[in-house]
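have a look; sequence and predicted model below, questions after that.
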Amino acid sequence: MSRTVQNRGRKLTPWMLLAPATIMVAVALGYPLVRQMIMSFQHFGLAQQFGQPAEWAGLSNYVTILTDPYFWSVFLKSLAFCAWTAGITMLLGVAFAVLMLRLNRVVRMIFNTTLIVVWAMPALASLTVWQWLVDPRSGLLNHALTSIGLEGFTNFNWLGGSYWTFFLIASAVIIWSSLPLVAITIYAALAQVPKEVLEASEIDGASHFQQIGRIMLPMIGPVISLIGVLQVIWDLRVFTQIYVLQQAGGIASETNLLGTYVYETGIAQGDYGVASALAMVILALTLVLTSRYLIMLYRQGGMS
Amino acid sequence: MTSQTALVARNLATGSPRNAGGPKRKRAGKHPLANLTGVLLSLLWLIPVYWMVNSAFQSESELMSSPPHLVPHAFTWDNFLSAFTNAYFWPALRASLIAASLTVVFASGAALLAAFALSRFRFRGRTVMIIAILIVQMIPAEALFISQYRMLDGWGLLNSVIGLSVLYIGTIVPFVAWMMRGFVDGIPIELEEAAMVDGCSRAGAFRRITLPLLAPGIVSTSVFGFLFAWNEYTLALIVLSKDSSVTLPIWLQSFQQGLKATDWGGVMAGATLIAIPVIILFIVVQNKISTGMVAGAVKG
């Protein structure tokens, strides 16, 4: 009898230890998630702002979104922005990591410290200094461009001019700040390639570039693709960067991506139903991309 | 930054021993041109950070001069003074410190217990919990903030730092637990078992043996919790309105918008004030994590 009680106690212990964390997540994320799912099937109009309970709307919020050309333009812009930004980040990240292999001790330390400092910069501090760098009249960027003879950039308005230059700056900020992680992680992986393999290839007459391109990069392929997937997920959720740059002069209707679109619909216009449906679309998109990441983590033994 | 920080921290914290302290190998192929490129790229990447600090020490007339001054000609502290004397700076600092402290205390506490459960017990449902931890971290803030806003509104916690902290704690606890689990895994269970043979209870063995060894891990995870709350922008924007006490990132943005012509010197001083503690903390954590890695390597 006492033995059974003891066993049951032991079975309960891990769950009791997990309880506080689980409750915190349930309150902050779980409950809102359930509510949001319900809200995405409800209609919120003027009457609801005066306290009327929300009416059921069936699938109409989803229909509204999916038949709205503006949603599709935002959706495609988000995907294109994400693919472009994540792609360049990965290319540069690999290039930086390969370069780090060939640096001497002192320069590598300088390089590494630079990356860590940039990595540590809070998003808002980075965004404000970038706004100042691209300021039309007194910004360093326009000054540098005009001083090398490109007079067209005198007082050039990067954020307010067109959505192309707006997204160019947004990409630049994001690439600048996410590159350190990619470069440092890939460098760490490259540095782990066993010495014996490289020695063997050297005996076979491989050049350094052949070693890097044919042996080292393929060997760390899983690390590169894991970081690539994460980069895609992160660049799909770039609310802060886009919102802050919009506030600094970007034309919101042309520069919205999914995150800022949800904000505008839900918080600014109070259309919670449609905004919730939009948010569910973002969540679904993220989970589709995440599933691949989770499988990778599982395969890499993250489950042990 | 923090979500990215999460990955590497996670990799480092849970990193297998081979990640750490292997023999330094001499690799051929060093090249002066590579070193030159490295230095130039370093300088290029540092421009925004340098420009922030440089502008923070320039007077307004200097900032507007053409060509821009690469170093402050008349070094001034006035911009920092204008940030410090801004009516909303101190309340914002207070709000940020409260949100960060609550996040650190509650998230680290809960995560420590959860990590102990996941690392030291084999129970049915364990794999499900681990998968749940991973999935929850992938939920983007944009996908939930509408209903989080409505939830806090319903509870009368909108415009309150406590309400914001509730969201912060729930958001960061899965990551902190995941990271902490890596640190607990790094401490041999044999040490606890030996203490239990000597008559300690399981909880006692954990408290007396593992907890002290876990100190670097607790420090690192706490710092990450702190950084998350300190840097977070999206949820703070949703939950806190400009009239209530906002956190520092929101303050920085309103400081910039509140003036007719942006006081760039003041804003850059504000950005520097927010960034400096973070950069220092981040470098501290990097060291702590390497220590954790080496400890793991010794065990392996």
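Perfect, thanks for sending it.

tell me the pLDDT at residue 175?
Just going to use chain A. pLDDT, residue A:175: 97.

correction: the question concerned chain B.
pLDDT, residue B:175: 87.

hmm, the strand or helix carrying it touching chain A?
Secondary structure from DSSP states H and E places residue B:175 in helix B:161-185. Yes. Contact of helix B:161-185 with chain A (C-beta under 8 Å from any C-beta of the partner chain) involves B:166-171, B:173-174, B:177. In short, each C-beta sits where N, CA and C put it, glycine included.

now residue A:280: closest residue in space that isn't a chain neighbour?
residue A:40 (5.1 Å; C-beta to C-beta, 6 or more residues apart in numbering or on different chains).

which strands or helices does the helix holding residue B:175 pack on?
Judged by 3 or more C-beta pairs under 8 Å, 6 or more residues apart in numbering or on different chains; DSSP states H and E, helix B:161-185 is in contact with helix A:2-25, helix B:2-13, helix B:89-120, helix B:126-137, helix B:145-154, helix B:215-231, helix B:234-239, helix B:264-299.

which other helices and strands does the helix or strand just after the second one contact?
By that I understand helix B:2-13. Where DSSP H and E defines the elements, the next helix or strand beyond helix B:2-13 is helix B:32-56. Helices and strands touching helix B:32-56, by 3+ C-beta pairs under 8 Å, 6+ apart, are helix A:69-101, helix A:105-120, helix A:123-133, helix A:163-190, helix B:264-299.

find the closest residue to chain A in chain B.
Residue nearest to chain A within chain B (C-beta to the nearest C-beta): residue B:170, separated by 2.2 Å.

that residue touches residue A:25, doesn't it?
Yes. If you go by C-beta atoms under 8 Å, residue B:170 and residue A:25 touch, sitting 5.0 Å apart.

between those two, which one's more packed in?
Taking other C-beta atoms under 10 Å in any protein chain shown, residue B:170 and residue A:25 do not tie; residue B:170 has more neighbours (26 against 23).

might you report the residue contacts of that one?
Applying C-beta atoms under 8 Å, 6 or more residues apart in numbering or on different chains to residue B:170 gives the contacts A:24-29.

so what pLDDT did the nearest residue to it once chain neighbours are set aside get?
Once flanking residues are discounted, residue B:170 sits nearest to residue A:28: 2.2 Å by C-beta to C-beta, 6+ apart. Note on residue A:28: pLDDT of 95.

okay, now residue A:28: neighbour count?
Residue A:28 - counted by other C-beta under 10 Å - has 24 other residues nearby.

that one against residue B:165, yeah?
No. With contact defined as C-beta under 8 Å, residue A:28 does not count as touching residue B:165 (9.6 Å).

residue 131: neighbour count?
Went with chain A since none was named. 23.

sorry, I should have been clearer: chain B.
15.

which residue is the nearest non-sequential neighbour of it?
Nearest to residue B:131 is residue A:294, by C-beta to C-beta, 6+ apart, at 7.1 Å.

touching, the residue nearest to residue A:280 and residue A:283? I think so.
No. The criterion here is C-beta under 8 Å, and residue A:40 misses it with residue A:283 at 10.1 Å.

compare the two (neighbour count), which wins?
The neighbour comparison of residue A:40 against residue A:283 (other C-beta under 10 Å) goes to residue A:40, with 24 against 20.

residue contacts, the more buried one?
Residue A:40 touches A:61-62, A:273, A:276-277, A:279-280, counting by C-beta under 8 Å, 6+ apart.

gap between residue A:107 and residue A:217?
22 Å (C-beta to C-beta, to the nearest Å).

also residue A:224?
From residue A:224 to residue A:217 the distance is 7 Å (C-beta to C-beta).

next one: residue A:198
Residue A:198 is 13 Å from residue A:217, by C-beta to C-beta.

repeat for residue B:183
Residue B:183 is 31 Å from residue A:217, by C-beta to C-beta.

between the two, which one's more packed in?
Using other C-beta under 10 Å, the more surrounded residue of residue B:183 and residue A:217 is residue B:183, with 26 against 18.

what sits closest to the more buried one if chain neighbours are left out?
Distances taken as C-beta to C-beta, 6+ apart place residue B:217 nearest to residue B:183, at 2.9 Å, with adjacent residues excluded.

I figured the one you found was touching residue B:185, is that so?
No. Counting by C-beta under 8 Å, residue B:217 stays clear of residue B:185, with 10.0 Å between them.

more crowded one of those two?
Between residue B:217 and residue B:185, counting by other C-beta under 10 Å, residue B:217 is the more crowded of the two (26 against 18).

isn't residue B:89 up against residue B:83?
Yes. The pair residue B:89 / residue B:83 is scored as a contact, 5.8 Å apart, by C-beta under 8 Å.

can you get me a residue count around residue B:236?
Residue B:236 has 24 nearby residues by other C-beta under 10 Å.

contacting residues around it?
Counting by C-beta under 8 Å, 6+ apart, residue B:236 has contacts B:99, B:164, B:246-247, B:249-250.

around chain A, pick out the residues from the stretch 201-300 of chain B.
B:230-231, B:233-234, B:237-238, B:248-249, B:252-253, B:256-257, B:264, B:267-268, B:270-272, B:274-275, B:278-279, B:281-283, B:286.

apart from its chain neighbours, what residue comes closest to residue B:185?
residue B:119 (5.2 Å).

the one you found: neighbouring residues, count only.
17.

pLDDT score for it?
89.

measure it to residue A:224 for me?
29 Å.

okay, and for the stretch 1-150 of chain B, where does confidence drop off?
The stretch 1-150 of chain B contains residues with pLDDT under 70 at B:1-30.

tell me the centre residue of chain A?
Closest residue to the average C-alpha location of chain A: residue A:234 at 1.4 Å, with C-alpha atoms, centre = their mean.

do you know how far that one is from chain B?
6 Å (C-beta to the nearest C-beta, to the nearest Å).

same thing with residue A:167?
In terms of C-beta to the nearest C-beta, residue A:167 sits 18 Å off from chain B.

list the contacts of the nearest residue to that residue once chain neighbours are set aside.
Once flanking residues are discounted, residue A:167 sits nearest to residue A:81: 5.9 Å by C-beta to C-beta, 6+ apart. When contacts are counted by C-beta under 8 Å, 6+ apart, residue A:81 is found next to A:167, A:170-171, A:235, A:238, A:257.

hey, which helix or strand in chain A has the poorest pLDDT?
When each helix and strand of chain A is scored by mean pLDDT, DSSP states H and E, helix A:46-49 comes last, with a mean of 69.

who's in contact with residue 110?
Just going to use chain A. Residue A:110 touches B:38-39, B:42, counting by C-beta under 8 Å, 6+ apart.

oops, chain B please
Contacts of residue B:110 by C-beta under 8 Å, 6+ apart are A:20-21, A:24, B:169, B:173, B:177.

pLDDT value on the most centrally placed residue in chain B, please?
The centroid of chain B falls nearest to residue B:227 when counting by C-alpha atoms, centre = their mean (2.6 Å). For residue B:227, the model assigns a pLDDT of 88.
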